[in-house]
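A.B. asks: Show me the folded form of this:
(chains A and B)
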There are 2 protein chains.
Amino acid sequence: MKRTAFFISDGTGLTAEALGHSLLAQFEKIEFERVTVPYIADEEKAREMVKRINKAAETDGARPLVFDTIVNSDIREIIATAEGFMVDIFGTFLSPLEQELQSSSSYTVGKSHAINNEGSYERRINAVNFALDNDDGARTRHYDEADLILVGASRSGKTPTCLYLALQYGVKAANYPITEEDLADQQIPKALKPYKEKIFGLTIEPERLATIRNERKPNSRYSSIKQCMHEIEEIELMYRRERIPYLNTTAYSVEEISTRIMVTTGLKRQR
Amino acid sequence: MKRTAFFISDGTGLTAEALGHSLLAQFEKIEFERVTVPYIADEEKAREMVKRINKAAETDGARPLVFDTIVNSDIREIIATAEGFMVDIFGTFLSPLEQELQSSSSYTVGKSHAINNEGSYERRINAVNFALDNDDGARTRHYDEADLILVGASRSGKTPTCLYLALQYGVKAANYPITEEDLADQQIPKALKPYKEKIFGLTIEPERLATIRNERKPNSRYSSIKQCMHEIEEIELMYRRERIPYLNTTAYSVEEISTRIMVTTGLKRQR
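C.D. replies: Okay, the predicted model is just below:
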């Protein structure tokens, strides 16, 4: 049986969605139809939402789950009239928090909540521009400004990780692809030597790397399993010899890779 | 009085952090020291965490708030021994959900939860590569593959938005900067005409644009308020004439801009 799950917010819905997905992941046997609906910020939209929930209840033959992070109580009251199972995220935790903090929340007086916006906009945008300007070893002269320099084989996940670190944490991350030429020297590429303490290495299973490279350049030497095995072996050897901290990215999402790098390096969110 | 708030997880901590920050935003009068601690996944790390919480309790003279999304019950029990005010996110909602779904959760039997990983890894990485390859109007020949083409003045936020759309939603977004040359024609740039239904426009307050451009090229014609006002006026005129949906990004974070684009265009998360 399919159940519909709604993630509703008067903001972006990212918090309701993240929490809802984590909770639903605990119910592996049930198939959920997941629907995120951001910006339910007036009564008309709330009433439309009620109709949508009721329609899903009818279609599914079971009431939908409704995860919401709406602040305005008038809007919440309208949503609560729907045929849904309400997971009232703010309502549940705000009252005990008010008691603990001996302070009434803006929620109580109907004020809109600040939207989750980590780090300043400028810092994050600057970090994105930094990642783009210093992608793929194109330039090395800005490495003194970098918070981090990611190294690794071509297509091991450096660029998306740098961009995620910039957007989520405001971290300025450059990246440098380790080439065969670099490996022939059996040491850290010369351009990186002055910044050794900023270097973090990525590695990946050779089979996975070959698959990724094959999408880009099918049936080339570059994407052959033999070549990938050779590069990864040499790169990991170099990491160990030079004592560069590194991570095997094969099983991880970009979020996980980024968070693990933050933990390992001790970098802090930049505000 | 300062209060410390910990966001603790056996995963990336992004869910605990997002929810915790949203809740704390309701208490504007209190100053919080926010600490995110991901990957608390074994008992030794949990015991270290308890010490850290207790130390903060002593320093602050008040027990810290502890928001956690830890699944393993042994680890949760250790954390619960700390001198903190526990906001038990999973514990609170899983039991009522189990009842509603008439299904026991993996949590109950101590299984690890799937980490929130929206869209498939490949799809998101391909979308990032697409955004990079089709940034800044460099190429237009892949526009048939695009889910979306963002247009706007130089430095109005197109690139970070495209990257966020790729990383968060797996959406393939190209971007095209509208130049003075384009504006002289008083219509949609020729390269974009076949893809009119994919176009979304960004605009921004001229004062804000001038500030951003000044960081890049100080005291240039490009970053003068006069030039910025002229470009924005012409661009908005073009949007209205051509009936291109558009958004003023001045007051919004990258997350908000992206989510609003998803809502307005009706694009769905790509899996």
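A.B. asks: chain center to stretch A:212-220: distance?
C.D. replies: 26 Å (C-alpha atoms, centre = their mean, to the nearest Å).
A.B. asks: quick one: buried residues of that stretch?
C.D. replies: Going by neighbour count (16 or more other C-beta atoms under 10 Å in any protein chain shown), the buried part of stretch A:212-220 is A:212-214. Every residue, glycine included, has its C-beta placed from N, CA and C.
A.B. asks: Kindly report the same for stretch A:172-190.
C.D. replies: A:172-178, A:182-183, A:188-189.
A.B. asks: Likewise for stretch A:40-55?
C.D. replies: So for stretch A:40-55, counting by 16+ other C-beta under 10 Å, buried means A:40-41, A:45-46, A:49-50, A:52-54.
A.B. asks: Generate TSV for the buried residues of stretch A:172-190, with distance to chain B as supplementary columns.
C.D. replies: Shown next, in TSV, are the buried residues of stretch A:172-190 (distance: C-beta to the nearest C-beta, whole Å):
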residue	distance to chain B
A:172	14
A:173	13
A:174	15
A:175	12
A:176	16
A:177	14
A:178	19
A:182	23
A:183	24
A:188	26
A:189	23
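A.B. asks: Tell me which of the residues you listed fall in helices.
C.D. replies: A:182-183 (DSSP state H).
A.B. asks: between the buried residues of stretch A:40-55, which is closest to residue A:235?
C.D. replies: residue A:40 (48.9 Å; C-beta to C-beta).
A.B. asks: before we move on, back to that, if we only consider the buried residues of stretch A:212-220, which is nearest to residue B:20?
C.D. replies: Nearest to residue B:20 among the buried residues of stretch A:212-220, with distances taken as C-beta to C-beta, is residue A:212, at 35.3 Å.
A.B. asks: Tell me the spatial nearest neighbour of that closest one, not counting adjacent residues.
C.D. replies: residue A:155 (4.9 Å; C-beta to C-beta, 6 or more residues apart in numbering or on different chains).
A.B. asks: contacting residues around that neighbour?
C.D. replies: A:209, A:212-213, A:216 (C-beta atoms under 8 Å, 6 or more residues apart in numbering or on different chains).
A.B. asks: Surely it is in a helix?
C.D. replies: No. Per DSSP: H, G, I helix; E, B strand; the rest coil, residue A:155 lies outside any helix segment and is coil.
A.B. asks: Secondary structure added to the contacts of residue A:155, as CSV?
C.D. replies: Formatted as CSV, these follow (three-state DSSP):
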residue, secondary structure
A:209, helix
A:212, helix
A:213, helix
A:216, helix
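A.B. asks: how about whichever helix or strand residue A:98 is part of, does it get close to chain B?
C.D. replies: With elements taken from DSSP states H and E, the one containing residue A:98 is helix A:89-101. Yes. Applying C-beta under 8 Å from any C-beta of the partner chain, one finds helix A:89-101 touching chain B at A:89-90, A:92-94, A:96-97, A:100-101.
A.B. asks: what about residue A:103, distance to chain B?
C.D. replies: 6 Å (C-beta to the nearest C-beta, to the nearest Å).
A.B. asks: Now for that residue: which residues touch it?
C.D. replies: B:27, B:29-30 are the contacts of residue A:103 under C-beta under 8 Å, 6+ apart.
A.B. asks: near chain A, which of these show up?
C.D. replies: Answer for the contacts of residue A:103 near chain A (C-beta under 8 Å from any C-beta): B:27, B:29-30.
A.B. asks: Would you state the secondary structure element containing residue A:27?
C.D. replies: Judged by DSSP H and E, residue A:27 forms part of no helix or strand.
A.B. asks: Report pLDDT for it.
C.D. replies: Reported pLDDT at residue A:27 in the predicted model: 89.
A.B. asks: what's near enough to touch it?
C.D. replies: Residue A:27 neighbours (C-beta under 8 Å, 6+ apart): B:97, B:101, B:103, B:105-106.
A.B. asks: And for residue A:76?
C.D. replies: A:68, A:70, A:88, A:91.
A.B. asks: need those residues in CSV with pLDDT and neighbour count, can you?
C.D. replies: Below are these laid out as CSV (pLDDT from 0 to 100; neighbours: other C-beta atoms under 10 Å in any protein chain shown):
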residue, pLDDT, neighbour count
A:68, 93, 27
A:70, 88, 26
A:88, 87, 17
A:91, 83, 16
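A.B. asks: All the strands of the stretch 101-250 of chain A, in order from the start?
C.D. replies: Applying DSSP state E, counting those that start in this stretch to the stretch 101-250 of chain A gives strands spanning A:148-152, A:173-177, A:199-203, A:246-248.
A.B. asks: Include pLDDT when you put the buried residues of stretch A:172-190 into CSV, please.
C.D. replies: Formatted as CSV, these follow (pLDDT from 0 to 100):
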residue, pLDDT
A:172, 96
A:173, 97
A:174, 96
A:175, 95
A:176, 96
A:177, 95
A:178, 94
A:182, 90
A:183, 89
A:188, 90
A:189, 91
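A.B. asks: Are we agreed that residue A:256 is in a helix?
C.D. replies: Yes. Counting by three-state DSSP, residue A:256 falls inside a helix.
A.B. asks: which residue packs closest to it, ignoring adjacent ones?
C.D. replies: residue B:12 (5.8 Å).
A.B. asks: mind checking pLDDT for the one you found?
C.D. replies: So residue B:12 comes in at 86 (pLDDT).
A.B. asks: what do you get for residue A:106?
C.D. replies: pLDDT, residue A:106: 72.
A.B. asks: can I assume it is in contact with residue B:26?
C.D. replies: Yes. Counting by C-beta atoms under 8 Å, residue A:106 does reach residue B:26; the two are 4.9 Å apart.
A.B. asks: Have a look at the two and say which one is more surrounded.
C.D. replies: Neighbour comparison, residue A:106 and residue B:26: the larger count goes to residue B:26, with 24 against 17 (by other C-beta atoms under 10 Å in any protein chain shown).
A.B. asks: Check whether the more buried one really touches residue A:95, as I assumed.
C.D. replies: No. Counting by C-beta under 8 Å, residue B:26 does not reach residue A:95; the two are 11.1 Å apart.
A.B. asks: quick one: low-confidence ranges for the stretch 151-271 of chain A?
C.D. replies: A:271 (pLDDT under 70).
A.B. asks: try 50 this time
C.D. replies: Across the stretch 151-271 of chain A, nothing is flagged by pLDDT under 50.
A.B. asks: Give me the residue at the spatial middle of chain A.
C.D. replies: Closest to where the C-alpha atoms of chain A average out (C-alpha atoms, centre = their mean) is residue A:255, at 3.7 Å.
A.B. asks: Give the helix, strand or coil label for the nearest residue to that residue once chain neighbours are set aside.
C.D. replies: With C-beta to C-beta, 6+ apart as the criterion, residue A:255 has its nearest non-adjacent residue at 5.3 Å, and that residue is residue B:12. Recorded secondary structure, residue B:12: coil (three-state DSSP).
A.B. asks: who's in contact with the closest residue to chain B within the stretch 51-200 of chain A?
C.D. replies: For the stretch 51-200 of chain A, the residue closest to chain B is residue A:105, as judged by C-beta to the nearest C-beta, at 3.6 Å. Applying C-beta under 8 Å, 6+ apart, we find residue A:105 in contact with A:94, A:97-98, B:26-27.
A.B. asks: Spatially nearest residue to residue A:179, not counting backbone neighbours?
C.D. replies: residue A:154 (7.8 Å).
A.B. asks: Look up phi and psi at that neighbour.
C.D. replies: phi -60, psi 130 (degrees, to the nearest 10).
A.B. asks: related to what we said a few turns ago, next one: the residue nearest to residue A:256 relative to residue A:22, how far apart?
C.D. replies: As judged by C-beta to C-beta, to the nearest Å, residue B:12 and residue A:22 stand 11 Å apart.
A.B. asks: Kind regards, and thank you for your time.
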